[in-house]
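Novice: my questions concern the predicted model and sequence given below.
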Amino acid sequence: MEIKENTLLSQINYPADLKKFSENDLEQIAKELRQHIIDVVSVNGGHFAASLGVVELTVALHYVLNTPYDKLIWDVGHQAYGHKILTGRKDLFHTNRIINGISGFPKIAESEYDAFGVGHSSTSISAALGMAVAAQLKGETDRQHVAVIGDGAMTAGLAFEGLNHAGIENSNLLVILNDNCMSIDPNVGALKEYLTSITISKSYNKFRDDVAHVLNNISRLGPNASKYVKKIEKSIKGTLLKQSNFFEALNFRYFGPVDGHDVKRLASVIKDLSAIPGPKLLHCVTVKGKGFALAEKDQTKWHAPGLFDKITGEIKKSSSDKPQPPKYQDVFGHTLVELAEQNQKITGITPAMPSGSSMNIMMKAMPKRAFDVGIAEQHAVTFSAGLAAQGMVPFCNIYSSFMQRAYDQVIHDVAIQNLNVVFCLDRAGLAGADGATHHGAYDIAYMRCIPNMIIASPMNEEELRNMMYTAQLENIGPFSIRYPRGNGVMVNWKTPFQELPIGKGRKICDGEDVAILTFGHVGNFAFEACQELNSEGYFPAHYDLRFVKPLDEALLTEVFTKFKTVITVEDGCLQGGMGSAVAEFMVDHNFNSSIIRLGIPDEVIEHGEQPELWALCGYDKDSIINAVKKVAICRKTDTIAS
C-alpha cells in the first residue's frame, strides 16, 4: 500500500531522513506512521495493537539515536512494525509475514537496523548488555545500547537475570520499560502491581517533576555534583514511594514514569539519558492499540486481529456458511473444563497465554483452579511439578516453541521424579506466518529422549479429547500431547471420552506395496492422499501411530513384516523425530525395509501460510502422493529390469 504523496512519512526511508525534520514535526510524523500501520495491517494481517502503542517511542528513538551504529533491540518484536517502516522497509511492509516477504519480527539477516533477532520474550536486556560490554572491550565508548521491553516481558526470569548482571557492569545501557499493563492478555503478578503503584502515585510524580529541573542544573556543576545528585535522587524516590527503589537496588538509575505518547518529550528525555553513563531505566507509560479506538478498548482481541475494515473496525471472517471444525486450542480449553468437573485434582497452568491457548475458558469457569503465571515458562513447569508432587493433576499448556525455554525443568523437576504433569503443546509443527521463532519443530525430538515421558499426538479432535482423558486417569508420569495451530477436521467433535491404551496405534486402511505411518494431524494429509491414490490404482496402507513414545511394537512388527517400503510423515524435525524412532525400531529388531521420511528438514524454516510451508518442506498431501508414486515407479522399473 503506497503512502500518500506530500506527506512527511513519504519523505522518510531511513532514520537519516527523519533527522532532517524539526522536533515540531515529530508529532505529525508519528500520526502518519500510525495511520500507515493501520492501512497495511488491516488488509494484510499481522500483529497490530503492540506497534500502535509504541509509535511515538519509535519515532523518538530513531530521531535521537545514531542507528544502526547505536544498537536498538526490541523485545519480542511484536511492536517493531514502525521500526521496520523507518529503517528502509517502508516499500516492503506490505509483504510482512508473507512467504518470501519481510519477517514479522526483527531479524539480523534482514536489516542492519535489526540489531538482534527476536520473537521470544525477555531477551532484549541480556542481548543489549552483551553488545554494550563488547563495545567497552572494543573501545567504542560513544555507542548507545537500548533495549525496549514491555512490562509483560519483564516478568520472565531472563529479564531479571539481565538486570541483575547489568547493574554491576556499568556499561552504556538504557532499558526502556514500555508499561501498558499488557502482554497479549492483561499482565498479572506482583511486578504489575508495583509498576501500577508508581504510575498512580500523585505525590511521587508531582514532586519528581518539580525537583528534576533543580537536580539537572546541579549535575552540570561537575562530576562530584553528579555523584551527589544520584544520592539525592535515590533518597527522594525511597522516601516518596516506598517500593520505588527496586530498580535502583539493582544499580540502575530510574527515570519516569513519562508519557509514552508525548513524542517531543520522549526525544528530549532520550537525548538527555544518552549523555548519562552506566545502566539506566526509563519507565514509559503507553496504551496498547493507541490511536485505534477499538484496539484501545479490547487490546487482547486486537493483538493480532487478522484482516479488518479500518473504518468500521469489523474483523473479516470466513465467508463459508457451512459449520467449520473448531480450533484444536478450543477443543483443549472446553475439554479441560469437562475433565476438571469430573476430577477435582485437575488444574490448568499457562505462562501468559490464556487466550492464545484457550486456558481462559477454564480461568473463567474455575478461576481458583486455573493459573496464568506470567511470561515464565520455567516457573510454569516447576510450579506444575509442585502441584503434581502433592497429588494434583496439572495440565501445563505451553506453545511447543516456548516449551524449549523450560527444558531443564521438564527433565529435572518432572521426568526424573516421574510426576504426572500433562504437557499440552499448542502450535506444534509449522506455526505459519510467525516464522522461525514460533515453529514447534523440535518437541518430538527433545521430548523423545527424556526417560518416563509419554508422547502422543491426535489426528483429530476426538483423539485430542481421549488423550487428555487418558492422561489424567491415573498417576502415569509425564505425558506430552502435541497439536497444531489452527482447525481440526471434525464439526461434531464433542464425543464421549474413551481411554486409549498407552503406546497403541491404529490401522486406518490396509494396502499393498507401501505403508504410510503418520503421527498427529498430518494423518489427515495421508488419508486424503490415500483416497486420491486409490482412485488412480495405487493402494498404500495407512497407520496412525498416536504415540511416538512408547511405540506400538506390534503394529510396527506387522508393518515391517509385510511392507518393503515404509513412508513416515510428521510435522516435526526429521532429526530425532518420529521417522527416526521408526528407523531405530527397524534396526534394533533386524528388519530390512526401505524408509522414506517426510517432515521438516534440517534447516531454519521461515514464515508463510501453513499450507505453503507444508508443501515447501515436502509433507503435504501432494508430497505424500508423489512419494507413493515414486516408490511404485521404482518397483515397476526393477521388475522389468529383472
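Specialist: Looks like it arrived, so ask away. Residues are numbered from 1 along each chain as shown.
Novice: which residues are in contact with the helix or strand hosting residue 403?
Specialist: Under DSSP states H and E, the secondary-structure element containing residue 403 is helix 400-403. Around helix 400-403, the neighbours that count as contacts under CB atoms under 8 Å, 6 or more residues apart in numbering are 120, 351, 353, 377, 410, 423, 425-429, 431, 437-443, 482. Heads up, the C-betas are built off the backbone N, CA and C, glycines and all.
Novice: just the buried ones from those, in ChimeraX syntax?
Specialist: With 16 or more other CB atoms under 10 Å as the criterion, this ChimeraX line picks the buried residues out of the contacts of helix 400-403:
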select :120,351,353,377,410,423,425,426,427,428,429,431,437,438,439,440,441,442,443,482
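Novice: mind listing which of the contacts of helix 400-403 are in helices?
Specialist: 377, 443 (DSSP state H).
Novice: now, which of the contacts of helix 400-403 lie within strands?
Specialist: 423, 425, 426, 482 (DSSP state E).
Novice: any weak-confidence spans in the chain?
Specialist: 1-2, 182-190, 192, 196-245, 318-321, 636, 638-642 (pLDDT under 70).
Novice: longest strand anywhere in it?
Specialist: Criterion DSSP E: the longest strand present in the chain is strand 565-573.
Novice: sheet partners, orientation included, of that strand?
Specialist: Neighbouring strands of strand 565-573 in its sheet, by DSSP bridges, are strand 514-519 (parallel), strand 594-600 (parallel).
Novice: quick check: which of these is buried the most?
Specialist: Ranked by mean neighbour count, the strands paired with strand 565-573 are led by strand 514-519 with a mean of 28 (mean count of other CB atoms under 10 Å).
Novice: identify all contacting residues around that strand.
Specialist: Taking CB under 8 Å, 6+ apart as the rule, strand 514-519 contacts 444, 457, 459, 525-526, 529-530, 540-546, 548, 559, 562-563, 565-570, 572, 578, 582, 624, 628, 631-632.
Novice: residues in contact with residue 116?
Specialist: So residue 116 contacts 71, 73, 106, 108, 123, 124, 127, 128, 131 (CB under 8 Å, 6+ apart).
Novice: err, residue 370, not the other one
Specialist: 347, 348, 349, 350, 354, 359, 362, 363.
Novice: now distance to residue 398, neighbour count and secondary structure too, for those, in TSV please.
Specialist: Formatted as TSV, the contacts of residue 370 follow (distance: CB to CB, whole Å; neighbours: other CB atoms under 10 Å; DSSP: H, G, I helix; E, B strand; the rest coil):
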residue	distance to residue 398	neighbour count	secondary structure
347	14	22	strand
348	12	31	strand
349	9	25	strand
350	7	29	strand
354	12	25	helix
359	10	28	coil
362	15	27	helix
363	16	21	helix
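Novice: off-centre distance for stretch 496-511?
Specialist: Centroid separation between stretch 496-511 and its chain, computed with CA atoms, centre = their mean, to the nearest Å, is 32 Å.
Novice: repeat that for stretch 106-114.
Specialist: Here the centre of stretch 106-114 is set off from its chain's centre by 19 Å, with CA atoms, centre = their mean.
Novice: quick one: buried residues of that stretch?
Specialist: By neighbour count on 16+ other CB under 10 Å, the buried set for stretch 106-114 is 106, 107, 110, 111, 113, 114.
Novice: does the last one count as helix, strand or coil?
Specialist: Spelled out, that is residue 114. coil (DSSP: H, G, I helix; E, B strand; the rest coil).
Novice: ok, it touching residue 102?
Specialist: No. Between residue 114 and residue 102 there is no contact under CB atoms under 8 Å: 10.1 Å.
Novice: who's in contact with the longest helix that the chain contains?
Specialist: The helix that spans the most residues within the chain, counting by DSSP H, is helix 621-641. The contact list for helix 621-641, computed with CB under 8 Å, 6+ apart, reads 513-514, 516, 525-526, 528-529, 532-533, 538, 540, 565, 567, 569, 596, 598, 614-615.
Novice: would you map the helices across the stretch 1-150 of the chain?
Specialist: 15-18, 26-44, 49-53, 55-64, 81-84, 124-137 (DSSP state H, counting those that start in this stretch).
Novice: now the closest residue to residue 576 other than its chain neighbours: which helix or strand?
Specialist: Excluding its sequence neighbours, the residue lying closest to residue 576 (CB to CB, 6 or more residues apart in numbering) is residue 445, at 3.2 Å. Assessed by DSSP H and E, residue 445 sits inside helix 443-448.
Novice: rewinding a little: out of the ones in strands among the contacts of helix 400-403, the closest to residue 288 would be?
Specialist: residue 426 (22.7 Å; CB to CB).
Novice: surely that closest one touches residue 359?
Specialist: No. At 9.7 Å, residue 426 does not count as touching residue 359 under the criterion of CB under 8 Å.
Novice: now do the shared contacts for these two.
Specialist: 353, 397.
Novice: name the residues of the helix or strand where residue 163 lies that are buried.
Specialist: Residue 163 is part of helix 157-169 when elements are defined by DSSP H and E. Residues of helix 157-169 classed as buried by neighbour count (16+ other CB under 10 Å): 158, 159, 162, 163, 165, 166, 167.
Novice: quick one: contacts for residue 616?
Specialist: Residue 616 touches 99, 605, 608, counting by CB under 8 Å, 6+ apart.
Novice: mind telling me what element the second one is part of?
Specialist: Following DSSP H and E, one finds residue 605 outside all helices and strands.
Novice: what's the separation between it and residue 521?
Specialist: From residue 605 over to residue 521 the distance is 17 Å, taken as CB to CB, to the nearest Å.
Novice: between these two, point out the one with more neighbours.
Specialist: residue 521 (25 against 17; other CB atoms under 10 Å).
Novice: just checking, the more buried one touches residue 461?
Specialist: No. Contact criterion CB under 8 Å: residue 521 and residue 461 do not qualify, at 10.1 Å.
Novice: joint contacts of the two?
Specialist: 328, 488.
Novice: what about residue 332, neighbour count?
Specialist: 26.
Novice: element containing it?
Specialist: Residue 332 is located in helix 328-342, with elements delineated by DSSP H and E.
Novice: which strands and helices sit next to that helix?
Specialist: Under the contact definition 3 or more CB pairs under 8 Å, 6 or more residues apart in numbering; DSSP states H and E, helix 328-342 sits against strand 346-350, helix 354-357, helix 360-365, strand 422-426, helix 461-471.
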